[in-house]
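**Student:** Here's a sequence, model it:
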Amino acid sequence: MIDNPLMLGFLGALAAGLMTGVGALPVLLGRTIGSATRDLALGFAAGVMIAASFFSLIIPALDAAGSEGASKAGPAAIVCVSILLGMGAVALLNEKLPHEHFDSGPEGPGGASLRRIWLFVFAITIHNVPEGMAVGVGFGADGVSGGLPLAIGIGLQNAPEGLAVAVSLLGEGYSRLRAFVIAALTGLVEPLGGLFGAGIVSISEPLLPWALAFAAGAMLYVISHEIIPETHRRGHQNRATAGLAVGLVVMLFLDVWLG
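**Tutor:** Down below sits the predicted model:
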């Protein structure tokens, strides 16, 4: 069995990233997915990410900070600062990298001068790196028991995201094959994030609570800034909220069962 945290982080994030392509398969097979179903699935993804952020990252971060002998206020301060740093880092990437969401025009410096396909790719990269990093941090912190629930949970939420990307590209005039390939490839940035996250934790144990909470903050920013607004854009709030509720409890169950 593999016990190298770097390899575990890379492979776990790779498995989660590959689920993006699995989710995009209906487009390749010629299946049509309605917007209500897509918003339900994206709501499920948001619920999984919220649960993963708190139960698999923030709570372990508090425990890790407390084990270092800090005062009662110390662990809370470390985790709060790290969450804000994680959210701020993704917000900075969102501001500085040219990209484009499916419901808006080009964003970021120089966006209008790039081909639209690259703007889409940059947007998904901003989205997926924190997820891969979270998986890597989980494996780096507690091995299989810490990383497996995150890998499964993020893999589950990558499937509807892959479907959303492929359907959106299809709507922009791309062929079914090209839309599937691009959607599948966007998930392959996650292993790099996994390697980075596992590496940070492996370098220094005192960095563990900071890395866990930073990854949680990065994911929470993505949920609030991108996923939830996208699910509510077409008026399917009830379905999206139902999906979020199911995703949250599924991830909670997986975290307790597998962790």
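**Student:** Can you get me a residue count around His225?
**Tutor:** Taking other Cβ atoms under 10 Å as the criterion, the count of residues near His225 is 17. The way it works is simple: take the backbone N, C-alpha and C, and place the C-beta from them, glycine included.
**Student:** Asn94 is in contact with that one, correct?
**Tutor:** Yes. If you go by Cβ atoms under 8 Å, His225 and Asn94 touch, sitting 7.0 Å apart.
**Student:** Which residue ranges of the stretch 101-250 of the chain form helices?
**Tutor:** Counting by DSSP state H, counting those that start in this stretch, the segments of the stretch 101-250 of the chain that form helices are 116-171, 176-186, 190-203, 208-222, 228-232, 237-258.
**Student:** okay, now the residue nearest to Leu177 when sequence neighbours are not counted: neighbour count?
**Tutor:** Of all residues beyond its chain neighbours, the one nearest Leu177 is Leu28 (6.6 Å), with distances taken as Cβ to Cβ, 6 or more residues apart in numbering. Using other Cβ under 10 Å, Leu28 has 16 other residues around it.
**Student:** Use 12 as the first number from now on
**Tutor:** I'll keep to 12 as the first residue from here, and by that count the last item is Leu39.
**Student:** In contact with Leu39, which residues are there?
**Tutor:** The neighbourhood of Leu39, defined by Cβ atoms under 8 Å, 6 or more residues apart in numbering, consists of 177, 187-188, 191.
**Student:** Let's have these in a markdown table, adding neighbour count.
**Tutor:** Written out in a markdown table, the entries for the contacts of Leu39 read as follows (neighbours: other Cβ atoms under 10 Å):
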| residue | neighbour count |
| --- | --- |
| Ala177 | 29 |
| Arg187 | 17 |
| Leu188 | 10 |
| Phe191 | 23 |
